[in-house]
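> give me a 3D structure for the following:
(4 chains, ligands or ions: 4)
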2 protein chains.
Amino acid sequence: MRGAIQLDEHFDRVGLRKTPQRLDVLEHLVRRPIHATADEIFAALNRRDPRVSRATVYNCLRDLARTGLVREVPGEGKAARYDANLHRHHHFICDVCGNVEDIEWFDVPASSWQTAAGKRRIRESEVVLRGVCSRCA
Amino acid sequence: MRGAIQLDEHFDRVGLRKTPQRLDVLEHLVRRPIHATADEIFAALNRRDPRVSRATVYNCLRDLARTGLVREVPGEGKAARYDANLHRHHHFICDVCGNVEDIEWFDVPASSWQTAAGKRRIRESEVVLRGVCSRCA
DNA sequence: ATCTAACTTTAGACATAGTCTAATAAGTAT
DNA sequence: ATACTTATTAGACTATGTCTAAAGTTAGAT
Ligand SMILES: [Mn+2]
Ligand SMILES: [Mn+2]
Ligand SMILES: [Zn+2]
Ligand SMILES: [Zn+2]
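Ligands and ions are numbered 1, 2, ... in the order given. Here you go, the predicted structure:
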């Protein structure tokens, strides 16, 4: 889906260099799809290589997000959570443990929000489901 | 809708005192329904009465949220935004100016998410619409 | 291959957002 | 009035995020 070739293309297209740090941040998000915070990523990468800096993790996330390789997940927590799952999907937030889980994409038809949206130009609609996850049930 | 009597009842029911600070925080959210941050509320209240403390604003928001008089709005910004509109409604976030606007409630039918939600027990589903607001268009 | 300019990382200072503590103030019960 | 509970306050403290300047790295030109 997003192999080495497409990554080369992407970084080339958006004018960013394919650095080890950027790949490490991206790989962490891909391999542990738990919608990690910047600090969780920093802790993991810095444990394996103490030279990696906090600023770099923030820089990488900013650049990866700006160019569309990752996205920020909406939610109430105080630390931003990131997502490398680029398939269109929604999110579920557990009332008990706070974990953020992916929900397979389903469409909220324009007919639902058309009237309520008025003159606004709608680009996308994401659903945030809340409740109790299967583990906490 | 939420007059003095219901407020008395509410504070009584949840075992909180109806203090001036709590009422001021609540009133600010009601009268300027722009989904303000804690710091925006603190700045406004502190300007009118320099004795009001930052900690109190955070304490009030925490207590009002815990007892259901206000709620936190989902979004990517780094500061939490609060909402005293207790009607069920969705939100729109402008790509350009970042303003958070209310969207009249519409239902995302269970049939939409039932399959994707699996074993999770769903309590509510909120929609976050994104695009360009009427002012930025 | 070397040079050069642009890009990136890094440490740490700085800024913003939020929590906690201990003292004071305000309300409630006896 | 007194004792007790709850709430507010200032400021210390923690957490999250941004910025700066120096050093490291890479791509492209010569
Ligand atoms: Mn996701
Ligand atoms: Mn709202
Ligand atoms: Zn859970
Ligand atoms: Zn706008």
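
> all contacts plus neighbour counts: C-alpha atoms, from now on.
Noted.

> got a pLDDT number for A:V108?
A:V108 carries a pLDDT score of 95 in this model.

> list the contacts of it.
A:V108 makes contacts with A:S125, B:V108, B:S112, as judged by C-alpha atoms under 8 Å, 6 or more residues apart in numbering or on different chains.

> repeat the analysis, applying 10 Å as the threshold.
Taking C-alpha atoms under 10 Å, 6 or more residues apart in numbering or on different chains, we find A:V108 in contact with A:E124, A:S125, A:E126, A:V127, B:D107, B:V108, B:P109, B:S112, B:W113, B:V127.

> so which of those residues sit within helices?
B:S112, B:W113 (DSSP state H).

> would you list the contacts of A:V108 in a markdown table and tack on distance to A:P20?
Below are the contacts of A:V108 laid out as a markdown table (distance: C-alpha to C-alpha, whole Å):
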| residue | distance to A:P20 |
| --- | --- |
| A:E124 | 32 |
| A:S125 | 34 |
| A:E126 | 32 |
| A:V127 | 34 |
| B:D107 | 45 |
| B:V108 | 42 |
| B:P109 | 44 |
| B:S112 | 41 |
| B:W113 | 38 |
| B:V127 | 37 |
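
> which pair in the contacts of A:V108 spans the largest distance?
Farthest pair in those (C-alpha to C-alpha) is A:E124 and B:P109. Separation: 18.1 Å.

> which SSE is immediately downstream of the lowest-mean-pLDDT helix or strand in chain A?
The weakest-scoring helix or strand in chain A, judged by mean pLDDT, DSSP states H and E, is helix A:4-14 (a mean of 89). Downstream of helix A:4-14, the first helix or strand assigned by DSSP states H and E is helix A:20-31.

> give me the contacts around that next one.
With contact meaning C-alpha under 10 Å, 6+ apart, helix A:20-31 is reached by A:7, A:16, A:33-38, A:40-42, A:44-45, A:52-53, A:56-61, A:63-64, A:69-70, A:82-85.
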